[in-house]
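Novice: Here's a sequence, model it:
(one chain, ligands or ions: 2)
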Amino acid sequence: MRAVLEHRVGPWLNNTAPPALAAASGALDPIARSLLAVLCRSAYVRLAGSAFVPALDDLPLPPRAWASSSLQCFRYRAGSGGCEGHEDRALLTLIYAPGQPGLQVQDAGGQWRDVELGPKQLLVMAGHALEYATCGLIRSSRHWVVLEGAERRSLAYKLAAQPGATLNLVPALQAAGHDLVAAERRYPQPITYQQLMARFGATHRTANPACKLR
Ligand SMILES: O=C(O)CCC(=O)C(=O)O
Ligand SMILES: [Fe+2]
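Specialist: Ligands and ions are numbered 1, 2, ... in the order given. Got it, this is the predicted structure:
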């Protein structure tokens with residue numbers, strides 16, 4: 001069983017947002033946005049760096065608005081188990097967990113690889129929404145947490161689009177020369193982020209309620 005604390009940037013009553021979590025969100029959000037732009041501009045994807053900007057929260061956030069993205073803080077107590085294999089639902093996940101054991105990511109060949117991060121390292125994982133929006137050009141990362149009697153503490157920043165944003169990168173991907181005929185059937189667009197998340201929730205049930213898929 002793991003403990004989860006979720007933080008979202010927004011209109012906290014009397015400014016009661018935990019300052020460290022607000023600071024962590026404030027530091028991780030621009031990193032996540034920049035990395036998304038870098039992935040879009042890569043020679044493999046060939047989209048504009050700004051391709052997702054209309055779908056992301058406006059900056060600064062409008063008054064009284066809650067952010068779409070969130071920061072989750074996890075604590076896995078010794079002997080209480082980890083987290084089953086899954087892909088995250090949002091666009092991009094950044095994991096900050098210096099020196100913490102247990103996280104493994106599946107590589108392209110299906111092998112599970114340990115990811116133990118240093119103090120100046122972040123793990124960057126694509127989520128379901130990024131795989132979907134790029135018609136499978138960027139694959140979501142499958143990962144799990146396997147702990148044998150050890151403790152783990154981690155921070156996960158999940159960059160999400162606005163619920164009402166429409167994902168429709170097919171024309172831009174085609175203009176960039178990608179042949180999407182089969183992919184268009186697998187990742188039909190346009191679709192709103194909210195619709196995509198509802199579909200994800202319906203098709204990705206977790207057997208372990210302590211590890212609700214995000
Ligand atoms: O504990 C971790 O670092 C991973 C957590 C995770 O996979 C998730 O929240 O989606
Ligand atoms: Fe995850």
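Novice: Ligand 1 contacts on the chain?
Specialist: For the chain, the contact set with ligand 1 under CB under 6 Å from any ligand atom comprises 72, 74, 83, 88, 95, 97, 103, 143, 145, 152, 154, 156, 214. Placement of C-beta: from N, CA and C, glycine included.
Novice: go with 8 Å
Specialist: Listed as neighbours of ligand 1 in the chain under the rule CB under 8 Å from any ligand atom: 2, 4, 72, 74, 76, 82-83, 86, 88, 93, 95, 97, 100, 102-103, 123, 143-145, 152, 154-156, 158, 211, 213-214.
Novice: Give me the buried subset of the residues you listed.
Specialist: Taking 16 or more other CB atoms under 10 Å as the criterion, what is buried in the residues of the chain next to ligand 1 is 2, 72, 74, 76, 82-83, 86, 88, 93, 95, 97, 100, 102-103, 123, 143-145, 152, 154-156, 158, 211, 213-214.
Novice: Which of these fall in strands?
Specialist: Per DSSP state E, strands hold the following members of these: 2, 72, 74, 76, 83, 86, 93, 95, 103, 123, 143-145, 152, 154-156, 158.
Novice: Over in this structure, which residue gets nearest ligand 1? Let me know.
Specialist: Residue of the chain nearest ligand 1, by CB to the nearest ligand atom: Ser154 (3.3 Å).
Novice: residues contacting the spatially closest residue to that residue that is not a sequence neighbour?
Specialist: Nearest residue to Ser154 in three dimensions, chain neighbours excluded: Ala97, at 3.7 Å (CB to CB, 6 or more residues apart in numbering). Applying CB atoms under 8 Å, 6 or more residues apart in numbering, we find Ala97 in contact with 103, 117, 123, 152-155.
Novice: How about Ala176?
Specialist: Each residue near Ala176 by CB under 8 Å, 6+ apart is listed here: 45-47.
Novice: The lengthiest helix in the chain versus strand 92-96: what angle between them?
Specialist: If you go by DSSP state H, the chain has its longest helix at helix 19-41. Angle between the axes of helix 19-41 and strand 92-96 is 130 degrees (criterion: axes from the mean of the first three to the mean of the last three CA atoms, to 10 degrees).
Novice: Any chance you could list what contacts helix 19-41?
Specialist: For helix 19-41, contacts defined as CB under 8 Å, 6+ apart pick out 5, 7-9, 45, 47-52, 56, 67, 69-71, 73, 91-92, 94, 96, 122, 124, 126, 130, 138, 155, 157, 159.
Novice: again, 6 Å this time
Specialist: 7, 9, 47, 49, 51-52, 71, 92, 94, 124, 157, 159 (CB atoms under 6 Å, 6 or more residues apart in numbering).
Novice: Pull out the buried positions in it.
Specialist: Across helix 19-41, burial judged by 16+ other CB under 10 Å covers 21-22, 24-25, 28-29, 31-33, 35-37, 39-40.
Novice: next one: that helix to chain centre, how far?
Specialist: Relative to its chain's centre, helix 19-41 lies at 11 Å (CA atoms, centre = their mean, to the nearest Å).
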